[in-house]
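Student: I need the structure of the sequence given here:
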Amino acid sequence: MAVVRVGERKGRRGTSEGEDGVRTHQRVFYVKTDSDIDHGDAVLDAPGLPQLNEQHPTDFSYIVMGRIPREIAGAKGQWEVDIEYGQRPPSEPPGSQGGQQKLLLRDPQISVGFQNMLVPITGEAVGGEPDSYNPGAGRNASRIGLTNAAGEPFDPPAMRQKSSLIITITRSEATFNNDNALRFIDSVNNAAISIAGFDLGERTAKMMGISTPGIAWETFESVQFFTYPVTYTIHVNVETWDIKLLEHGTYYNDFGDGGKKKAFLTDEGQPRIGLLTEGGDDNGDNPGIFHTVQGFPYKENWGAIDPPLPSTMLPVIAQGGQPGAAAGEGAGAGDAGAQGGAAAGERR
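Tutor: Residues are numbered from 1 along each chain as shown. Sure thing, here's the model as predicted:
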């Protein structure tokens with residue numbers, strides 16, 4: 001026999017509840033084969049048919065307790081299978097508190113990479129003169145605009161390549177939170193936060209997105225459970241996701257002449273670009289000034305993500321003890337502890 005089709009009769013789902021509050025669920029599946037001489041035992045082996053002890057798709061504390069195949073009268077090779085769900089026996093942990101919970105408590109998979117992007121070149125304020133870019137000192141130092149020898153900004157601005165961290169965290173979750181996926185995408189952290197061992201300042205981490213490939217079925221103690229592998233992709237910019245705009249333009253406000261708007265002109269009277277003060281006046285030969293603006297859609301409290309994002313890359317068995325040591329091992333392992341590092345990071 002070969003199975004041609006398997007599908008659920010979705011209009012035939014049912015649930016009943018007794019006086020004792022115990023429920024049962026019923027589903028009906030259609031199975032079509034290419035043979036008219038097989039019996040129900042062959043039908044029960046059809047791929048895609050719920051198996052005994054398999055968890056109910058929405059009521060996790062109920063499992064398949066019975067399956068009854070019935071040949072459709074007058075339709076050889078076509079069957080309906082009644083699937084009966086009952087409450088899991090007390091000897092077996094309910095899916096929401098036992099096997100599934102153990103799957104949800106596994107260590108997340110964390111990876112760290114990087115990507116390049118182009119950003120405008122700025123100089124450090126060193127003695128009032130532009131200096132070469134210094135990423136170490138530049139994160140918190142004041143910036144001045146990079147200009148040509150005549151004091152005018154480059155148009156288009158000079159650019160440099162900048163590398164930034166990409167942190168991905170994948171963990172098992174009971175459901176995929178659609179609201180979180182919409183709420184946090186493109187947001188930055190509104191306060192300092194520690195993620196995967198990185199201490200990140202306010203507005204330095206941007207949530208590129210929260211994604212999942214869909215339900216993942218797994219077997220735990222002979223019972224099937226499903227979880228959602230959910231991935232959080234975070235783009236880190238240690239200089240913050242604010243944008244620094246150089247104050248410049250073709251006009252300025254001449255506050256020495258009542259604030260009249262005047263054009264920047266060359267000695268020959270031709271229009272040119274000039275640097276501005278914070279108030280929009282002619283900045284003269286002074287270093288250019290940056291105006292900081294929000295370079296992201298919005299800030300969010302990432303502490304609202306539940307469960308919280310992991311603050312370390314260490315697996316649970318290595319936290320507070322010797323890195324790489326398996327649970328129950330002592331601290332004198334030497335080479336064994338180092339070799340255990342690879343295994344400790346694997347999902348259990």
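
Student: burial measure for residue 40, as a count.
Tutor: Number of residues near residue 40 (other C-beta atoms under 10 Å) recorded here: 14. Every residue, glycine included, has its C-beta placed from N, CA and C.

Student: mind listing the residues bridging to residue 64?
Tutor: On the basis of DSSP bridges, residue 64 is bridged to residue 85.

Student: list the residues that contact it.
Tutor: Going by C-beta atoms under 8 Å, 6 or more residues apart in numbering, residue 64 touches 50, 51, 52, 53, 54, 56, 83, 84, 85.

Student: can you pull the contacts of the fourth one?
Tutor: Contact analysis of residue 53 by C-beta under 8 Å, 6+ apart lists 63, 64, 222, 223, 224.

Student: possible to save those residues as JSON lines with pLDDT and distance to residue 262?
Tutor: Below are those laid out as JSON lines (pLDDT from 0 to 100; distance: C-beta to C-beta, whole Å):
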{"residue": "63", "pLDDT": "88", "distance to residue 262": "81"}
{"residue": "64", "pLDDT": "91", "distance to residue 262": "82"}
{"residue": "222", "pLDDT": "70", "distance to residue 262": "83"}
{"residue": "223", "pLDDT": "73", "distance to residue 262": "79"}
{"residue": "224", "pLDDT": "75", "distance to residue 262": "76"}
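
Student: residue 228: neighbour count?
Tutor: Residues near residue 228, counting by other C-beta under 10 Å, number 17.

Student: I figured it hits residue 175, correct?
Tutor: Yes - contact criterion C-beta atoms under 8 Å: residue 228 and residue 175 qualify, at 6.3 Å.

Student: just the mean pLDDT for stretch 238-246, thanks.
Tutor: The average pLDDT within stretch 238-246 is 75.

Student: now the end-to-end length of that stretch.
Tutor: Using C-alpha to C-alpha, to the nearest Å, one end of stretch 238-246 lies 20 Å from the other.

Student: which residue lies farthest from the center of the protein?
Tutor: The outermost residue of the chain relative to its centre, with distances by C-alpha atoms, centre = their mean, is residue 268 at 57.0 Å.

Student: report the secondary structure element holding that residue.
Tutor: Of the helices and strands defined by DSSP states H and E, none includes residue 268.

Student: over to it: give its phi and psi.
Tutor: Residue 268 adopts backbone torsions of phi -90, psi 0, taken as degrees, to the nearest 10.

Student: show me the contacts for it.
Tutor: Not one residue lies near residue 268 by C-beta under 8 Å, 6+ apart.

Student: and the nearest residue to residue 232 once chain neighbours are set aside, how many neighbours does it have?
Tutor: Of all residues not flanking residue 232 in the chain, residue 169 sits nearest, at 4.5 Å (C-beta to C-beta, 6 or more residues apart in numbering). Other residues near residue 169 number 19, with proximity taken as other C-beta under 10 Å.

Student: between the contacts of residue 64, which is closest to residue 202?
Tutor: residue 56 (44.6 Å; C-beta to C-beta).

Student: quick one: pLDDT of residue 145?
Tutor: 53.

Student: so which residues of the stretch 51-200 of the chain form helices?
Tutor: For the stretch 51-200 of the chain, the helices defined by DSSP state H, counting those that start in this stretch occupy 99-104, 135-138, 178-184.

Student: shouldn't residue 72 be in contact with residue 80?
Tutor: Yes - counting by C-beta under 8 Å, residue 72 does reach residue 80; the two are 6.1 Å apart.

Student: measure the residue nearest to residue 104 when sequence neighbours are not counted to residue 201 for me?
Tutor: Spatially, and ignoring its direct neighbours in sequence, residue 104 is nearest to residue 172 (5.2 Å; C-beta to C-beta, 6+ apart). Between residue 172 and residue 201 the distance is 30 Å, computed by C-beta to C-beta, to the nearest Å.

Student: next one: residue 23
Tutor: For residue 23, the distance to residue 201 equals 51 Å [C-beta to C-beta].

Student: how about residue 35?
Tutor: Taken as C-beta to C-beta, the span from residue 35 to residue 201 is 68 Å.
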